[in-house]
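Prediction below, plus the sequence it came from.
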Protein chains: 2
Amino acid sequence: MPLLVSGSIGIDTVETPFGRADEVLGGSAVYFAFAAALFAPVRLVGVVGDDFPARLRDGMSHERIDLAGLEVRRGSRTFRWHGRYSPDMNDRRTVDVQLNVLAEDGPRIPPAFRDSRYVFLANTHPALQRDLLGQLAGPRLAVCDTMDLWIKTQRAELLKTLAAVGGVVLNDGEARLLTDRADLVSAGREILGFGPRFVVIKKGEHGALLVTADRLCVVPAFCSDRVRDPTGAGDSFAGGMMGHLAAAGRHDVEALKAALVRGTVAASFTIEDFSLNRLRTVGPEDVQRRIDAYMGMLPSP
Amino acid sequence: MPLLVSGSIGIDTVETPFGRADEVLGGSAVYFAFAAALFAPVRLVGVVGDDFPARLRDGMSHERIDLAGLEVRRGSRTFRWHGRYSPDMNDRRTVDVQLNVLAEDGPRIPPAFRDSRYVFLANTHPALQRDLLGQLAGPRLAVCDTMDLWIKTQRAELLKTLAAVGGVVLNDGEARLLTDRADLVSAGREILGFGPRFVVIKKGEHGALLVTADRLCVVPAFCSDRVRDPTGAGDSFAGGMMGHLAAAGRHDVEALKAALVRGTVAASFTIEDFSLNRLRTVGPEDVQRRIDAYMGMLPSP
């Protein structure tokens, strides 16, 4: 089943206690696509400026990622982000952000992509997420992400988007902000009331929580002492999850649980090095080995 | 296999967003004992003052908890703690604490308890923990807890205690403080170097992590929207864990993993109400149902 992702493509500068990477490939759609491509072919939709370096464009080449939806916009500049992590990497500070082309018109979905059955709308203005959704010919499952800015300033638009998707992925702070509930189970259930059939609440190093009308699934993060750069973990998690759902062609609770394992595994590779450096080296055997290692870490009765 | 716990017995006053409980039964040994008693008979060792109310003493009666090690010390006063939780219950503030009898000589282990094979030394001065351990006739497994105060002020004593036990249970902040490592896997491995064969790092609402020389186990908390008072969760977790190990008579990694499930389940009951109000109502069928519910919440491949 074809899987489409729309989201940001960025030029990132990242500082962590383990080093620094200057002007490297980043952005939600990129991390998502590389993670999802571990499990299914991916169609990428996003916009860069004409300043986007050839070396980063080359870095996006992947045999399972179709870049027909990558627009290089004349006279625009690419989204840039510079972040710095705290010594324990649990906090990060944005040193500089330049929205550039992300503040302009959104991307268009190429005609050849309009039959995509699985869709992930990474964080952007919720009205633009709906606009993108409207360009598709009836996806089987659309899932969106969001951010605190839209929850605070575009709540009505965001609620319309939530009513139009089958699932939502957001972090714990966003879930609390959206619902004004401290307890994440209650927050997840309230969000179900806005429309989606499932809610995945990401908790960073503490993993994630799946909430459906009648089930909960708690998903601890893969436990590792090899974390060098947490950037892209959440988008990789969503990518691994959606990649599995697209490959499986279903999204019942059992499929979602297996998908959350793949999301966790994909994110665990991403954070082992800066940018896509680790994730792009991962093969099917690495994925299977890590799935086995992760399952072996879970408690047994 | 007889299981012994030494620890505090307290008169607690607790305020949470869900209400307030005044002068109720609390203390590490009490929560531990009620949780462990779900799985094995327990011998309790601890001291109260002669102000300890009959209603609280009656509240400690339990057919599987032997109170022969409960000393009522003439002229002393019982440990008292008054805590207040933040609106999201992730933080708590000590409004008032009176160590009272806990600042005096420690308890003695009754002769009839000295053959205990499984032992949990709840948090107290590490030299007293070793003194208690020395009163036992060669336990099969001794496990201790500790706290930030001893890590900061009694490090040498604490290291001697860690060298004398088979396992340690401590929280994430304590593990970081003890090792000066932010990453919990590295912290756990460093603590193994101090002597214990296993380290359990408690992360509150985020569950726990088991570290052994060659294995890691990540244990998410039971997911619930019925939390009324988190007090005693960590001690109940340790109690459920040790109760299972004592019942199983072994503490290899597979037994530890099953024990962590029991610890998680015991803690999940404790926090559903103030004091021991919920935990004391739990029967074997409730435990099995919750184990099944918890396993059903875990991801599957």
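Looks like it arrived, so ask away. Residues are numbered from 1 along each chain as shown, chains lettered A, B, ... in the order given.

residues from the stretch 51-200 of chain A in reach of chain B?
By the rule CB under 8 Å from any CB of the partner chain, the part of the stretch 51-200 of chain A lying against chain B is A:Pro87, A:Asp88, A:Met89, A:Asn90, A:Arg176, A:Ala182, A:Asp183, A:Leu184, A:Val185, A:Ser186, A:Arg189. The way it works is simple: take the backbone N, C-alpha and C, and place the C-beta from them, glycine included.

Top of the residues you listed by number of neighbours, please.
A:Leu184 (23 neighbours; other CB atoms under 10 Å in any protein chain shown).

Can you tell me what sits against stretch A:49-61?
For stretch A:49-61, contacts defined as CB atoms under 8 Å, 6 or more residues apart in numbering or on different chains pick out A:9, A:11, A:23-25, A:30, A:33, A:44, A:48, A:67, A:70, A:72-78, A:100-101, A:276, A:280.

What are the buried residues along it?
Using 16 or more other CB atoms under 10 Å in any protein chain shown as the test for burial, stretch A:49-61 gives A:Gly49, A:Phe52, A:Leu56, A:Gly59, A:Met60.

start to end distance for that stretch?
Stretch A:49-61 has an end-to-end distance of 17 Å (CA to CA, to the nearest Å).

swap in stretch A:180-199?
Stretch A:180-199: ends 16 Å apart by CA to CA.

Quickly note the distance from A:Pro17 to A:Gly204.
In this view, A:Pro17 and A:Gly204 are 16 Å apart by CB to CB, to the nearest Å.

Looking at these two, which is more packed in?
For A:Pro17 versus A:Gly204, neighbours defined as other CB under 10 Å are more numerous around A:Gly204 (17 against 13).

picking that back up, strands - which of the buried residues of stretch A:49-61 land there?
A:Gly49 (DSSP state E).

For A:Ala37, state which of the buried residues of stretch A:49-61 is nearest.
Closest approach to A:Ala37 among these (CB to CB): A:Met60, at 11.0 Å.

Which residues of the stretch 201-301 of chain A lie near chain B?
So far as CB under 8 Å from any CB goes, the stretch 201-301 of chain A lies against chain B at A:203, A:206-207, A:209, A:215-221, A:223-225, A:227, A:254, A:257-258, A:260-261, A:264, A:291, A:295-301.

change it to 6 Å
When proximity is defined by CB under 6 Å from any CB of the partner chain, the stretch 201-301 of chain A lies next to chain B at A:206, A:216-220, A:223, A:225, A:257, A:260-261, A:291, A:295, A:297-301.

Give me the neighbour count for A:Ala163.
11.

So it, which state does it fall into?
helix (DSSP: H, G, I helix; E, B strand; the rest coil).

State the distance from it to A:Arg215.
Taken as CB to CB, the span from A:Ala163 to A:Arg215 is 22 Å.

Next one: A:Val119 relative to A:Gly167, how far apart?
10 Å.

higher neighbour count, the two?
A:Val119 (28 against 24).

that's a strand at the more buried one, yeah?
Yes - the assignment for A:Val119 is a strand, going by three-state DSSP.

who's in contact with the helix or strand hosting A:Leu245?
According to DSSP states H and E, A:Leu245 maps onto helix A:233-248. Contact with helix A:233-248 is made by A:1, A:3, A:28, A:31-32, A:35-36, A:39-40, A:118, A:120, A:169, A:202, A:251, A:255, A:259, A:262-263, A:266-267, A:270-271, as judged by CB atoms under 6 Å, 6 or more residues apart in numbering or on different chains.

out of those residues, which are buried?
Buried among these (16+ other CB under 10 Å): A:1, A:3, A:28, A:31-32, A:35-36, A:39-40, A:118, A:120, A:169, A:202, A:251, A:259, A:262-263, A:266-267, A:270-271.

and the residues you listed, which of them are in strands?
Reading strands off those with DSSP E, I get A:Leu3, A:Tyr118, A:Phe120, A:Val169, A:Lys202.

Any chance of a markdown table for these, columns distance to B:Pro110?
What follows is these, written out as a markdown table (distance: CB to CB, whole Å):
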| residue | distance to B:Pro110 |
| --- | --- |
| A:Leu3 | 66 |
| A:Tyr118 | 65 |
| A:Phe120 | 63 |
| A:Val169 | 56 |
| A:Lys202 | 51 |
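
picking that back up, keep only those of the buried ones among the contacts of helix A:233-248 that are in helices.
A:Ser28, A:Tyr31, A:Phe32, A:Ala35, A:Ala36, A:Ala259, A:Arg262, A:Gly263, A:Ala266, A:Ala267, A:Thr270 (DSSP state H).
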